[in-house]
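Undergrad: Take this sequence and fold it.
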Amino acid sequence: MKMLDASEYPKRREELTKRLGENSAILLASGSEKTRNADTHFRFRVDSDFYYLTGFAEPEAVFLLRPGHDEPSVLFCQDRDPLMEQWEGKRLGPERAPEALKIAKAYSIKELHEKLPALLSGVETLHFPIGRYEWLDQAVGKWQRELKAKERRGPRAPLNWSDVDRVLHSMRQIKSKAEIEQMQAVADISVAAHKAAMSLSRPGIWEYELEAAIMHKFMMHGCQAAAYPSIVAGGENANILHYISNNQVIKDGDLVLIDAGGELDAYAADITRTFPVNGQFTSAQKDIYNIVLQAQLKAIEAIKPGVPYKSYHQAALNVLVDGLISLGMLKGSVEENIKSEAYKRFYMHGTGHYLGMDVHDVGSYVCGKESIEMQVGMAVTVEPGLYIPNDDDIPEAYRGIGIRIEDDIIVTENGTHNLTVAAPKTVEEIESWMA
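TA: This is a model prediction of the structure:
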């Protein structure tokens, strides 16, 4: 099991300190446990921005980074409590946090409202996740009012508030060598899960049986959870883009679309493979499948540093539309069908998204009205698909077929590195693996 080295977090704080303006600070919260039902909670998942800078995954914690101060990094966390730890597990506590996390100072979360105003005094710009946590928005306002009331006697309230996205997410968007290694580790586990599901498949199997096989691989190899609810869609269910019921029998002759990825130490994988439950594609299934596969390969080929982000979607779209015309499902030219958006009957989503600590990771796709340029270290998914409705005007052999193929791609100086290349993808590879 690959875990990110603890030395990565101080390096990030150091890099962020260089990027922050003079007298700026960043304030982040780890999040709170969420009630599932009655007195039962969902498993806690720490806020990604908070974890990115601290490596600390406990709930009810707040982190302040203040470059240029005697204590530039301050954590507020839960106290050690033998009774609560008996029920819920060990806590780090403010006494042990500075050494364990390589931060300057730690206090009890109970002291947050008492100490935070003084720690913010003199800060020119406070960056925090505006609108993400209602309680934090209200607390910052309260601390601001307290400081302004004392300004004639010395303390100074922050002059500006800024959403943390603008300063922190540009860092998160470019993955370090250590992050790419971490993403490769969770990608490898996720590839193994997809291969296990292919191996288990047979006519008459339930969708949830394949989901169970995937989750088994995730957990057996150290993933703390799935990165998102797994999609296991047999037959026409594949045409429901976010199908997560996973409660139907998969019949002989059906394709199975599985979109699933593990999460390891807060990093996500995101893989989709589509395959025949009986191990053999029909001629019609091959026709659609190979169009999607060629679209995906062309999209990956279009990714390189300096090209507009939208380029790889356009590359995939050209192949998909041309394929639909060749099968008689669209009429006219590629250009006419793209302009009219007639293709959206069969392909209604984008070709990918950023990937990292969040499965739909942070970062902007446009700057003003222009597509941003790809940069070395970006991580993206490439996931074209075709979803053929069961309508009378569609050739009968193609009706109800849904196919998506997705890989996780790192932008490199020479083009791309495919983290998930080991998952069987061509018709021949899939049929050989399933045999």
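Undergrad: Contacts only, for the closest residue to S24 other than its chain neighbours.
TA: Nearest residue to S24, sequence neighbours excluded (Cβ to Cβ, 6 or more residues apart in numbering): T125, at 4.5 Å. Every C-beta, even on glycine, is put in place using the N, C-alpha and C of the backbone. Contacts for T125 (Cβ atoms under 8 Å, 6 or more residues apart in numbering) come out as 21, 23-25, 158-162.
Undergrad: beta partners for A25?
TA: Beta-bridge partners recorded for A25 (DSSP bridges): L126.
Undergrad: could you give the mean pLDDT of whatever helix or strand Y107 lives in?
TA: Under the criterion of DSSP states H and E, Y107 resides in strand 105-108. For strand 105-108, the mean per-residue pLDDT is 98.
Undergrad: which helices and strands sit right next to it?
TA: Under the contact criterion of 3 or more Cβ pairs under 8 Å, 6 or more residues apart in numbering; DSSP states H and E, strand 105-108 touches strand 73-77, helix 93-101.
Undergrad: Heading C-terminal from that strand, find the next helix or strand.
TA: helix 112-120.
Undergrad: what packs against that following helix?
TA: Counting contacts by 3+ Cβ pairs under 8 Å, 6+ apart, helix 112-120 packs against strand 62-65, strand 73-77, helix 134-149.
Undergrad: Go through it and flag the buried ones.
TA: 112, 116-117, 119-120 (16 or more other Cβ atoms under 10 Å).
Undergrad: how about CSV for the helices and strands packed on helix 112-120, with mean neighbour count added?
TA: Listed next are the helices and strands packed on helix 112-120 as CSV, based on neighbours: other Cβ atoms under 10 Å:
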stretch, mean neighbour count
strand 62-65, 24
strand 73-77, 24
helix 134-149, 14
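Undergrad: Give me the pLDDT value at the residue nearest to S24.
TA: For T125, pLDDT reads 95.
Undergrad: quick one: it from E22, how far?
TA: T125 is 9 Å from E22, where distance means Cβ to Cβ, to the nearest Å.
Undergrad: for V421, same thing?
TA: 45 Å.
Undergrad: show me where the stretch 151-300 of the chain has helices.
TA: 170-173, 177-200, 207-220, 283-302 (DSSP state H, counting those that start in this stretch).
Undergrad: can you tell me the distance between the two ends of stretch 322-342?
TA: 12 Å (Cα to Cα, to the nearest Å).
Undergrad: So what does I409 have for phi and psi?
TA: phi -120, psi 130 (degrees, to the nearest 10).
Undergrad: what's the strand holding Y107 in contact with?
TA: 71, 73-79, 94-95, 97-98, 115.
Undergrad: Ok, stretch 64-77 next?
TA: Under Cβ under 8 Å, 6+ apart, the answer for stretch 64-77 is 13, 16-17, 20, 22-27, 53-54, 56, 58, 60-63, 91-94, 97-98, 101, 103-109, 111-112, 115-116, 119-120, 123.
Undergrad: what about 7 Å?
TA: Stretch 64-77 is touched from outside by 13, 16-17, 20, 25-27, 53-54, 58, 61-63, 92-94, 97, 101, 103-109, 111-112, 119, 123, with contacts defined as Cβ atoms under 7 Å, 6 or more residues apart in numbering.
Undergrad: Kindly report the same for stretch 162-173.
TA: 15-16, 19-20, 26, 28, 49, 52, 125, 127-130, 354, 356-357, 362-363, 378.
Undergrad: W161 - how many residues pack around it?
TA: W161 has 15 neighbours, counted by other Cβ atoms under 10 Å.
Undergrad: ditto for the one 4 residues further on
TA: For D165, the count of nearby residues is 17 (other Cβ under 10 Å).
Undergrad: And for the one 5 residues further on?
TA: Summarising burial for S170: neighbours were counted as other Cβ under 10 Å, giving 13.
Undergrad: In JSON lines: the helices and strands packed on strand 105-108, plus distance to N337 and mean pLDDT.
TA: Shown next, in JSON lines, are the helices and strands packed on strand 105-108 (distance: least, Cβ to Cβ, whole Å; pLDDT from 0 to 100):
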{"stretch": "strand 73-77", "distance to N337": "55", "mean pLDDT": "98"}
{"stretch": "helix 93-101", "distance to N337": "55", "mean pLDDT": "97"}
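Undergrad: closest to K2 out of the ones you listed?
TA: helix 93-101 (20.2 Å; Cβ to Cβ).
Undergrad: Mind listing what's buried along that closest one?
TA: Buried, per 16+ other Cβ under 10 Å, within helix 93-101: 93-94, 97-98, 101.
Undergrad: same deal with stretch 362-377?
TA: 362-363, 371-372, 374, 377.
Undergrad: And the furthest pair within those residues?
TA: Using Cβ to Cβ, the buried residues of stretch 362-377 reach their maximum pairwise distance at S371 and G377, which is 17.9 Å.
Undergrad: how about G400, phi and psi?
TA: phi 80, psi 0.
Undergrad: hang on, isn't it packed against E236?
TA: Yes. Between G400 and E236 a contact is recorded at 4.3 Å, counting by Cβ atoms under 7 Å.
Undergrad: what is in contact with these two at once?
TA: Joint contacts of G400 and E236 (Cβ under 7 Å, 6+ apart) are N390.
Undergrad: can I see the domain layout of the protein?
TA: Domain assignment of the chain by automatic domain parsing yields the ranges 8-172, 174-434.
Undergrad: secondary structure class for the residue nearest in space to the middle of the chain?
TA: Central residue of the chain (Cα atoms, centre = their mean): V359, 1.3 Å from the mean position. For V359, the assignment made with DSSP: H, G, I helix; E, B strand; the rest coil gives coil.
Undergrad: list the contacts for it?
TA: Counting by Cβ under 7 Å, 6+ apart, V359 has contacts 227-228, 261, 268, 270.
Undergrad: hang on, the earlier thing: which one of the contacts of strand 105-108 is nearest A212?
TA: Q78 (34.5 Å).
Undergrad: Model confidence at the closest one, what's the number?
TA: pLDDT, Q78: 98.
Undergrad: Equivalent analysis for R399, please.
TA: Reported pLDDT for R399: 98.
Undergrad: so how far is the first residue of stretch 170-178 from its last?
TA: End-to-end for stretch 170-178, by Cα to Cα: 17 Å.
Undergrad: Give me the distance from stretch 32-52 to the chain's centre.
TA: 17 Å (Cα atoms, centre = their mean, to the nearest Å).
Undergrad: got it, and stretch 306-322?
TA: Stretch 306-322 sits 22 Å away from the centroid of its parent chain (Cα atoms, centre = their mean).
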